[in-house]
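Undergrad: build me a structure from this.
(one chain, ligands or ions: 3)
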Amino acid sequence: MTELFEKVDQYISGLLAPEDKALQQVLRRLEEHGIENISVSAVQGKLLQVLAKACNAQRILELGTLGAYSTIWLARAVPQNGRVISLEADERYAAIARQNLEDAGLQAKTEIRIGKALDLLPLLEQEKAGPFDMIFIDADKPPYPEYFQWALRLSRPGSIIVADNVIRNGKVLDANSSDERVKGVQRLNMYLSSCTGITATILQTVGEKEYDGMVIAVVDHKTA
Ligand code: SAH
Ligand code: DHB
Ligand code: MG
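TA: Ligands and ions are numbered 1, 2, ... in the order given. Down below sits the predicted model:
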C-alpha cells in the first residue's frame, strides 16, 4: 500500500500543492548539508495553509523549523503584515532556514528564534507576542503535552493548534513503549481526551512520509 499512498500523494501535490523553486531549494539544501528531511510533505504543507486561511491567521507560531519548509507554506498563507515566528533549537538549522526564507522572499513575514522551545515560550508570553491565531507543534516529541499547554496559553478562542507526528507508524497503540518520542505523543493524546475548552481530533496521515498523524484542535474558550 505504501507505494500507492506515495503515488496518490504525488497525484494530489501535482494538482493542488506543487512545489515551486523555493520549496525545492529547501529540500535540496537539506540534502546538501546531509540533514535528514523530516519536513512535512507538500500535501501536508498545503493542509497547514488551508487551516491558516480557515482561521484568517495573521500571527502564527511554529515549534521546530528545520529548513523552514513548513514555515514557507505557513508564511504564504498570512497577509503581507502577518507574521510567522518559528522556534528552532539548532543554530545551524536556523541559519539554513533563514537563508531559505530570504530566498523565498519571506524575510519580512518570518522570524526564527534560536533556543529550546520550553525556554523561548515563556519569553513570548512575557513580551505579549500572542495571541497566535495558529500554532504548529513539530519540535522534539517528549515535551509535546507541555508544548500543547503553552500553545493554549498563547492562543485565543478560535485559534487552531496542530501537532505533527502523533501516531508514529501506529506505535502509539503500544502502551508499553519505552521510546520517549512515542511516550510524549501518547501523553499528549491522552491529555487531549480530558482537555476542556478545545475541540480536537487526530487525522491519520499517509503519503510519501511515514504513516503518522496530526492533532487538529480549535480553541473554544480559554481555561486557566
Ligand atoms: N517543521 C519543520 C520540521 C521540523 S523537524 C518542517 O516541517 O519543515 C523538528 C525540528 O525541531 C528540528 O529542526 C529540531 O532541531 C527542532 N527541535 C528539536 N528540539 C527542539 C527544541 N527543544 N526546541 C526547539 N526546536 C527543537
Ligand atoms: C521526526 C520528527 C518529525 O517532526 C517528523 O515529522 C518525522 C520524524 C523524528 O524526530 O524522527
Ligand atoms: Mg514532524
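
Undergrad: going by C-alpha atoms from here, please, whenever you check contacts or count neighbours.
TA: Fine.

Undergrad: what's near enough to touch the residue nearest in space to the middle of the chain?
TA: The geometric centre of the chain, computed from its C-alpha atoms, lies nearest to residue 136 (Cα atoms, centre = their mean), at 3.5 Å. Counting by Cα atoms under 8 Å, 6 or more residues apart in numbering, residue 136 touches 60, 61, 62, 63, 161, 162, 163, 164.

Undergrad: kindly recompute the last result at 10 Å.
TA: When the contact criterion is Cα atoms under 10 Å, 6 or more residues apart in numbering, the partners of residue 136 are 48, 60-64, 70-71, 74, 86, 147-148, 151, 160-164, 215-216.

Undergrad: from the residues you listed, which land in helices?
TA: 48, 70, 71, 74, 147, 148, 151 (DSSP state H).

Undergrad: out of those, which is nearest to residue 192?
TA: Nearest to residue 192, judged by Cα to Cα, of these is residue 148 at 9.1 Å.

Undergrad: that closest one contacts residue 191, correct?
TA: Yes - contact between residue 148 and residue 191 holds when scored by Cα atoms under 10 Å: they sit 9.4 Å apart.

Undergrad: more neighbours, the two?
TA: For the pair residue 148 and residue 191, the greater number of neighbours falls to residue 148 (20 against 14), based on other Cα atoms under 10 Å.

Undergrad: what about residue 212, distance to residue 202?
TA: For residue 212, the distance to residue 202 equals 10 Å [Cα to Cα, to the nearest Å].

Undergrad: overlap in contacts of those two?
TA: Taking Cα under 10 Å, 6+ apart as the criterion, residue 212 and residue 202 both touch 164, 166, 167.

Undergrad: skipping adjacent residues, who's closest to the first one in space?
TA: Same thing as residue 164. Residue nearest to residue 164 in three dimensions, not counting chain neighbours: residue 214, with 4.6 Å by Cα to Cα, 6 or more residues apart in numbering.

Undergrad: residue contacts, the one you found?
TA: 44, 137-138, 162-168, 201-205.

Undergrad: number of nearby residues for residue 58?
TA: In terms of burial, residue 58 registers 20 neighbours under the definition other Cα under 10 Å.

Undergrad: mean confidence score for stretch 84-93?
TA: Per-residue pLDDT over stretch 84-93 has a mean of 98.

Undergrad: actually stretch 109-122, sorry about that
TA: 98.

Undergrad: repeat for stretch 184-195
TA: The model assigns stretch 184-195 a mean pLDDT of 98.

Undergrad: check stretch 217-224 too.
TA: Over the span of stretch 217-224, the pLDDT mean works out to 84.

Undergrad: please state the offset of it from the chain centre?
TA: Taking Cα atoms, centre = their mean, to the nearest Å, one finds stretch 217-224 lying 19 Å from the centre of the chain it belongs to.

Undergrad: before we move on, back to that, near ligand 1, list only the ones from the ones in helices among the contacts of residue 136.
TA: On the criterion Cα under 6 Å from any ligand atom, residue 70 are the entries of those that sit beside ligand 1.

Undergrad: returning to what we had before: what about residue 212 and residue 202, which has more around it?
TA: More crowded of residue 212 and residue 202, by other Cα under 10 Å: residue 212, with 20 against 17.
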